[in-house]
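S.K.: Sequence plus predicted model, see below.
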Amino acid sequence: MTGPRSLRFRLGGIVVGLLAAVLVAVLSASVLVLRENLMAQLDAQVEASARRAAAEIGAPVGPPPDGSGYVSTPGQSAETVAALLLGGEVVSSGYLDAEGEQRELDADAQAAIVTVPADGEPHTVDLGGELGGYRVLAVEGRTGIVLVIGQPMRQVESAVGTVTAVGAVIALVLLALAGAAAALSVNAALRPLRRVAATAASVAELPLDRGAVDLAIRVPPQDTDPRTEVGQVGAALDRLLGHVGTALAARAESEDKVRRFVADASHELRTPLASIRGYAELTRRTQPDLTEDVQRNLARIESESIRMQGLVEDLLLLARLDSRRELECEEVDLSQVVVEAVGDAHAAGPAHAWVLDVPEEPLTVTGDEPRLRQVVVNLLANARVHTPAGTTVTIFLARQPDGAVTLRVADDGPGIDTGVAADLFERFTRGDASRHRATGSTGLGLSIVRGVVEAHGGAVEVASEPGSTMFTVTLPRREPTR
């Protein structure tokens with residue numbers, strides 16, 4: 001089954017189809033009129049031949065005096081058929097062949113002659129053999145003998161066939177020319193519509209879902225004329241783009257305000273959090289006579305301030321990534337970063353099995369070393385926090401043929417809940433709904449991973465099912481995006 005056709009194809013098909021219908025109707029009518037005229041002329045010839053034959057034979061009509069079995073039709077043209085019938089049987093018959101020789105009709109032709117009614121009107125009869133179709137007229141004499149005279153229809157059929165063939169050829173040529181003309185005309189008529197579609201396609205390629213977007217694309221002015229259908233579509237698209245541009249500008253301004261607030265708030269919170277942590281630690285260390293409950297409470301304040309400092313640092317980093325601040329550009333030995341991060345992860349999660357697969361030669365990329373280190377640390381921490389003890393975590397690092405570096409962190413844990421898989425890299429998305437520190441998280445680790453990787457011009461993907469979860473980070477060898 002064929003798919004939907006383009007508008008250009010359908011319009012061209014309609015034009016060619018209508019023209020084909022008109023040409024078929026005209027050709028059919030012409031052939032019918034021509035046939036009727038030729039048949040009328042042939043009937044006149046048959047009637048004239050019948051009058052001449054009756055005058056020559058005389059009345060009453062009788063058999064030829066020489067008993068030859070032929071009926072003589074002097075003054076008739078070649079291939080003229082003549083017969084005398086008496087009592088429904090052929091008494092004598094004959095016709096002039098192409099050389100003017102008199103020949104007798106065969107049995108099939110005589111049988112066909114007998115069927116012609118003697119009403120003085122021309123009838124079409126197939127005499128078979130080499131004679132074919134004839135226009136025949138039969139008249140009855142005073143003695144009961146019937147004279148049958150006929151002229152061949154070969155010339156009529158030949159003329160009609162020739163006109164039909166020539167007309168068909170002319171119609172095909174006209175259809176081909178009309179098809180080409182229709183294609184050019186429709187193509188020219190739809191050119192403004194294609195420009196409008198190209199404008200819409202250009203807008204569709206823009207990253208409208210995030211960041212500031214300068215929606216300056218508009219439909220060309222010549223395609224916004226409201227007097228035409230295409231112009232109406234173009235004008236409507238222009239208005240729509242204007243509304244979308246206004247909405248995007250408002251959204252970008254709102255996002256900028258939120259980012260500035262988060263950045264400013266995070267920056268301002270760093271000092272008081274550090275003070276809270278410092279004073280709690282100082283009080284716990286310099287006051288040995290504090291009760292056990294007070295010391296436990298101070299330790300709790302200190303640990304929570306440390307956690308809050310980490311959250312503030314993460315928010316500040318995300319705000320910087322959102323504002324597209326420049327990253328450090330230097331050669332980073334990713335192999336060393338991975339080895340060191342795995343060592344730290346093993347110390348933090350000794351109950352897990354850590355498997356490292358790193359090539360012997362150093363793998364380097366251009367980027368920001370602290371930020372790339374944070375990507376590796378966050379992925380390893382994610383595998384450690386969200387999998388039970390005894391889980392095997394495999395870290396794989398390799399160079400691809402195109403020069404890109406691939407980092408994979410895989411584990412054989414329970415997998416990611418399908419309810420959160422789609423939003424896994426969004427902020428404050430947690431694989432475990434619990435906020436308990438042993439299993440829960442702030443939900444910023446993977447969003448930082450995506451932000452840092454995309455800022456380096458790379459990509460991060462995840463594939464998970466029960467018993468297997470794999471995060472894949474691809475970093476290009478080229479300069480990072482700014």
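M.R.: Perfect, thanks for sending it.

S.K.: going forward, measure contacts between C-alpha atoms and count neighbours the same way
M.R.: Fine.

S.K.: is it true that A398 touches V358?
M.R.: Yes. With contact defined as CA atoms under 8 Å, A398 counts as touching V358 (6.9 Å).

S.K.: for the host helix or strand of A189, packing partners?
M.R.: When secondary structure is defined by DSSP states H and E, A189 falls within helix 154-204. Applying 3 or more CA pairs under 8 Å, 6 or more residues apart in numbering; DSSP states H and E, we find helix 154-204 packed against helix 7-57, helix 229-286.

S.K.: Would you tell me what the next helix or strand after the first one is?
M.R.: Using DSSP H and E, the helix or strand that follows helix 7-57 towards the C-terminus is strand 81-86.

S.K.: If I take that next one and helix 7-57, what angle do their directions form?
M.R.: 60 degrees (axes from the mean of the first three to the mean of the last three CA atoms, to 10 degrees).

S.K.: Partner strands of strand 81-86, with direction?
M.R.: According to DSSP bridges, the neighbouring strands of strand 81-86, each with its direction, are strand 89-96 (antiparallel), strand 146-152 (antiparallel).

S.K.: and it, C-alpha only, in PDB?
M.R.: Once side chains and other backbone atoms are set aside, the C-alpha atoms of strand 81-86 remain, and they are given as PDB (Å, rounded to 0.1, in the frame of the first residue of the first chain):
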ATOM      1  CA  VAL A  81     -21.800  -7.800 -53.200                       C
ATOM      2  CA  ALA A  82     -25.000  -8.700 -55.000                       C
ATOM      3  CA  ALA A  83     -27.400 -11.700 -54.600                       C
ATOM      4  CA  LEU A  84     -30.900 -12.800 -55.700                       C
ATOM      5  CA  LEU A  85     -33.100 -14.600 -53.200                       C
ATOM      6  CA  LEU A  86     -36.300 -16.500 -53.800                       C
END
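
S.K.: which residues sit against stretch 357-367?
M.R.: Outside of stretch 357-367, the residues within contact range by CA atoms under 8 Å, 6 or more residues apart in numbering are 327-336, 394-399, 405, 456, 475-480.

S.K.: For the stretch 301-450 of the chain, just list every one of the strands.
M.R.: Assigned strands in the stretch 301-450 of the chain, in chain order: 330-333, 353-357, 364-367, 392-399, 405-411 (criterion: DSSP state E, counting those that start in this stretch).

S.K.: by contact count, what packs against the last one?
M.R.: So that's strand 405-411. Other helices and strands packing on strand 405-411, by 3+ CA pairs under 8 Å, 6+ apart, are helix 369-385, strand 392-399, strand 468-475.

S.K.: circling back: among the strands paired with strand 81-86, which is the most enclosed?
M.R.: strand 146-152 (a mean of 27; mean count of other CA atoms under 10 Å).

S.K.: tell me the mean pLDDT over that strand?
M.R.: Averaging pLDDT along strand 146-152 gives 86.

S.K.: before we move on, the earlier item: for D238, which of the helices and strands packed on strand 405-411 is the nearest?
M.R.: Ranking the helices and strands packed on strand 405-411 by their distance to D238 (criterion: CA to CA) puts strand 468-475 first, at 39.1 Å.

S.K.: List the buried residues for the closest one?
M.R.: Within strand 468-475, the residues that qualify as buried are 469-475, counting by 16 or more other CA atoms under 10 Å.

S.K.: Pipe those residues into a markdown table and attach distance to D368 per row.
M.R.: Putting these into a markdown table (distance: CA to CA, whole Å) gives the following:
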| residue | distance to D368 |
| --- | --- |
| T469 | 27 |
| M470 | 24 |
| F471 | 20 |
| T472 | 19 |
| V473 | 15 |
| T474 | 15 |
| L475 | 12 |
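
S.K.: May I see the residues you listed arranged in CSV, with pLDDT and distance to A252 as well?
M.R.: Below are these laid out as CSV (pLDDT from 0 to 100; distance: CA to CA, whole Å):
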residue, pLDDT, distance to A252
T469, 89, 35
M470, 90, 34
F471, 91, 31
T472, 91, 31
V473, 90, 29
T474, 90, 29
L475, 88, 28
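
S.K.: Low-confidence ranges, the stretch 151-300 of the chain, go.
M.R.: Under the criterion of pLDDT under 70, the regions of the stretch 151-300 of the chain flagged as low confidence span 209-214, 255, 258-259, 261-270.

S.K.: How about the stretch 301-450 of the chain?
M.R.: 314-327, 421-422, 427-443.
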